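[1] quick one, structure for this:
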Amino acid sequence: MSFASARRRRTLHLLAQGLLMLALVAGLNFLATRHAWRLDLSRHSRHSLSAETLSYLRELPAPVKIIVTLSEDSEDDALHQAYRDIRTLLRDYSEASAANPKAPVSAEYIDVYRNRAAALKYGIENPNTLLVLSGDKRRVVEFSELYRMKDREKVAFLGEQAFTAAILDVSRPARPLVAFLSGHGEMDPTDTDPGRGLSVLRDELRLRNFDLAVLDLAKPEQRTLAAQAALLVVAAPQGRFSPDEQEFLRRYLGTNAGRILALLPPGRPHGLDDLLYDWGVLADDVLIADRSAEGSSDTGDLVLTPSDSGHPVIGFLFDNKIAVRFGPSRSVRADPGRALDPALSVVPLLGASAEAWGERAYRQRGPAVFDPGTDLPPRLVVGTASERVTPKGKLPFSVRGGRLVVFGGGDWLGNARLAAGGNLSLALASINWLVDRDTQLQLPPRPVDRFQLSLSSSELARLRLALLLILPAITAALGLLVYWNRRR
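    Predicted structure coming up:
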């Protein structure tokens, strides 16, 4: 056989091998698109959705779209990391929802500056927004919901909990109704007044897919609607509830396992003493006085700190050492004379500074002076949560019971104060806990791992030498060896 024919045959063999390799790759890709599967070998299975989320996605009744306005090019390291975590997670949602083609979960990434029309189409004005949509229902996922923070450091990624809860929320056929009670001079969600208006809170709740109503219990037709509400808000009443109204609220909490958020400012009789006693809560007729720099702000607001009780309402505020700001407030604490009830859990939420006391003679003129004989001593509680869960026989679960959250002031929810400190976070956390939003999900968080490479100057110099000289030299030597073998 001549050298030329051998060379042609070798060339044909190489071409055939190339075509076979291309056919193999094309066939594998074709099979992968039709029968794809993925094995997650990462630590903590960080690239896999939980079985609970997968079951929810299979049963979704309507399509869900998630709008992300975070940018991959952000100069903020925290936002850049959040973008990468969210993009990976939402890709998993999209792939998993393929099992339910009638209700897919899709993600759309928008730059609010470059694509202003698309942002306005979804009602988005600011960057770094996460919006979950299904039909006309929408919910904003806050950045604070994505990570568990401790000492201002990320310790766990909670994206799956946040997005799964939001997807379930917007895909539900009905929105939870939050009813603000009226008829006693309460703060009004339609009022734009800076001090006593709740219009800012109203807008925040509507963004989170709540229906709102203002109801007067003195009107029978509105009382029927109140009995069906997911949450009743008693927002700083200026007068007493009648005995008949108090009895309705007692039945709503007890028989209907209802939920009430009560804001009871000092100096105003509220007429709810029997209801509070039933739930182990005492609202003292005092005015909290605090002259310390730690417990009061430049504007005279009380600076209150979350307790270390681990309660869901104040967990985020406590972990990140975020204080809240109240105006004039009373003490709201666990009633020391409450009846023993193993099904009743009464937990403190907020506390005043160690130098604050409860002034009983606050109606008298002149500076407040602590009287150990009559005033409440320091270590005062200003917010308390009470929950009743009734065990059902010997079964390993409990029957849903009522929930009550009481704060000793109301103006912290007003338009002028809502953005101060952790006020908005406290309001939303209280409402979410009361209506069971997000608390029913038992999805494990994904730990945030940190790796740090520590090298001395000599080790760094050796590494630089290896990268710049040794590795290229090894590569060149291998190339020369191959060349010499082929020349033989």
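[2] partners of whichever strand or helix holds residue 346 in the sheet?
    Element membership for residue 346, per DSSP states H and E: strand 344-351. When sheet partners are counted by DSSP bridges, strand 344-351 sits next to strand 302-306 (antiparallel), strand 381-388 (antiparallel).
[3] moving C-terminal from it, which element do we reach first?
    Counting by DSSP H and E, what follows strand 344-351 is strand 357-359.
[4] burial of residue 299, as a residue count?
    9 (other C-beta atoms under 10 Å). For glycine as for every other residue, the C-beta is placed from the backbone atoms N, C-alpha and C.
[5] that older thread, run the chain-centre distance for the strand holding residue 346.
    Here strand 344-351 shows a centroid-to-chain-centroid distance of 20 Å under the convention C-alpha atoms, centre = their mean, to the nearest Å.
[6] name the residues that touch that strand?
    279-281, 304-307, 309, 311, 313-314, 324, 333-335, 338, 379-389, 405, 407, 426 (C-beta atoms under 8 Å, 6 or more residues apart in numbering).
[7] how close does the nearest residue to residue 302 once chain neighbours are set aside get to residue 332?
    Spatially, and ignoring its direct neighbours in sequence, residue 302 is nearest to residue 326 (4.5 Å; C-beta to C-beta, 6 or more residues apart in numbering). Note on residue 326: its distance to residue 332, by C-beta to C-beta, to the nearest Å, is 11 Å.
[8] mutual contacts of the two, please.
    In contact with both residue 326 and residue 332: 382, 407, 408, using C-beta under 8 Å, 6+ apart.
[9] can you redo these as TSV with pLDDT, distance to residue 262 and neighbour count?
    What follows is those, written out as TSV (pLDDT from 0 to 100; distance: C-beta to C-beta, whole Å; neighbours: other C-beta atoms under 10 Å):
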residue	pLDDT	distance to residue 262	neighbour count
382	95	13	27
407	97	7	29
408	95	10	32
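[10] closest one of the residues you listed to residue 210?
    Comparing these against residue 210 with C-beta to C-beta places residue 407 closest, at 19.2 Å.
[11] in the sheet, who's paired with that closest one?
    The residues that residue 407 bridges to, once DSSP bridges is applied, are residue 263, residue 383.
[12] please look at it and residue 332 and confirm they touch.
    Yes. Counting by C-beta atoms under 8 Å, residue 332 is a contact partner of residue 407 at 6.3 Å.
[13] what residues are up against residue 387?
    Contacts of residue 387 (C-beta under 8 Å, 6+ apart): 344, 345, 347, 401, 402, 403, 404.
[14] that's a strand at the last one, yeah?
    Yes. Counting by DSSP: H, G, I helix; E, B strand; the rest coil, one finds residue 404 located in a strand.
[15] how close does residue 286 sit to residue 479?
    Taken as C-beta to C-beta, the span from residue 286 to residue 479 is 86 Å.
[16] try residue 425
    Distance from residue 425 to residue 479, by C-beta to C-beta: 61 Å.
[17] again, but for residue 113
    49 Å.
[18] for residue 402, same thing?
    On the measure of C-beta to C-beta, residue 402 and residue 479 end up 78 Å apart.
[19] more neighbours: residue 425 and residue 479, which one.
    Using other C-beta under 10 Å as the criterion, residue 425 and residue 479 rank with residue 425 on top: 19 against 10.
[20] can I get the CA coordinates of whichever strand or helix holds that one in PDB?
    If you go by DSSP H and E, residue 425 is part of helix 423-434. Taking C-alpha atoms only, helix 423-434 is exported to PDB below (Å, rounded to 0.1, in the frame of the first residue of the first chain):
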ATOM      1  CA  ASN A 423     -42.000  49.100  63.000                       C
ATOM      2  CA  LEU A 424     -43.100  47.800  59.600                       C
ATOM      3  CA  SER A 425     -41.400  44.500  60.100                       C
ATOM      4  CA  LEU A 426     -43.100  44.100  63.400                       C
ATOM      5  CA  ALA A 427     -46.500  44.900  61.900                       C
ATOM      6  CA  LEU A 428     -46.200  42.500  59.000                       C
ATOM      7  CA  ALA A 429     -44.700  39.700  61.200                       C
ATOM      8  CA  SER A 430     -47.600  40.100  63.700                       C
ATOM      9  CA  ILE A 431     -50.300  39.900  60.900                       C
ATOM     10  CA  ASN A 432     -48.600  37.000  59.100                       C
ATOM     11  CA  TRP A 433     -48.400  35.000  62.300                       C
ATOM     12  CA  LEU A 434     -52.000  35.800  63.300                       C
END
